[in-house]
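Participant: Have a look at this prediction, sequence included:
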Amino acid sequence: MALSVFDEKSQPPSASDLRAALGRSHALWVAIHSRTEKDYGRCEEEWNFTGQAYGWSCRLIHEKRRIVYLIPCRGHFLAGFCLGEKAVEQARAAGLPPAVLAVIECAPVYAEGRGFRLPVRTRNDLGAVSTLIDAKIGTSAKRQGHAAAQLRSRAKAGTAGNAGREASGPGKAGRRRPRSEGDTR
């Protein structure tokens, strides 16, 4: 039996199949997607079949990054994450319930980060999932925001790229020093 309720490789689940399988938890599935888009902008859903042992899962992708894997089960679903160490640190500092922190701490560590799944059955489970999405997206958003801020400050200072850099100085190979009067180079 597959982890997902949908284990038929020949076709991904339809919206009505998903609604029927999840039952009342379908509203929670929609809430995760809606909240992520509201807070961070457009997210794509990508259905993927990863084999008979796992079945079909849905990836929420934000700016080409896989944020959360949603795995439909009968009456509930699993939210799967792979968090890098910076995101794990944010999650630790975010005041998550001890049971969720224990799952993160016990998760196997891969090159991509710590991989784990949390069951989502009630509205109470959404808080932890939302916090983990914030940690996952927040680490890249901060990096992008920091890089953009650096570029803006360089542009204001006239040092964006190579433009406006000093033309002379020790150790500046390939740069000419300014000509002085009488210089005949």
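Facilitator: Sure thing, it's come through.
Participant: Assign a three-state SS to the most centrally placed residue in the chain, would you?
Facilitator: The C-alpha lying nearest the average C-alpha coordinate of the chain belongs to Ile67 (CA atoms, centre = their mean; 3.7 Å). Counting by DSSP: H, G, I helix; E, B strand; the rest coil, the backbone at Ile67 sits in strand.
Participant: That one and Glu45 touch, don't they?
Facilitator: No - here Ile67 does not reach Glu45: they are 11.0 Å apart, not a contact under CB atoms under 8 Å. Where you see a C-beta, it was placed from the backbone N, CA and C, and this is true even at glycine.
Participant: what residues are shared contacts of the two?
Facilitator: Common neighbours of Ile67 and Glu45 (criterion: CB atoms under 8 Å, 6 or more residues apart in numbering): 59-61.
Participant: picking that back up, check which helix or strand covers the residue nearest to the residue nearest to the centre of the chain when sequence neighbours are not counted.
Facilitator: For Ile67, ignoring the flanking residues on the chain, the nearest one in space by CB to CB, 6 or more residues apart in numbering is Leu60 at 4.9 Å. According to DSSP states H and E, Leu60 maps onto strand 56-62.
Participant: swap in Thr131?
Facilitator: Element membership of Thr131 [criterion: DSSP H and E] is helix 126-157.
Participant: What is the strand holding Leu60 packed up against?
Facilitator: In terms of contacts (3 or more CB pairs under 8 Å, 6 or more residues apart in numbering; DSSP states H and E), strand 56-62 is packed against helix 26-40, strand 44-49, strand 65-72.
Participant: Which elements pack onto whichever helix or strand comes after the last one?
Facilitator: What that stands for is strand 65-72. Moving toward the C-terminus from strand 65-72, the next helix or strand (DSSP H and E) is strand 77-83. In terms of contacts (3+ CB pairs under 8 Å, 6+ apart), strand 77-83 is packed against helix 26-40, strand 65-72, strand 113-120, helix 126-157.
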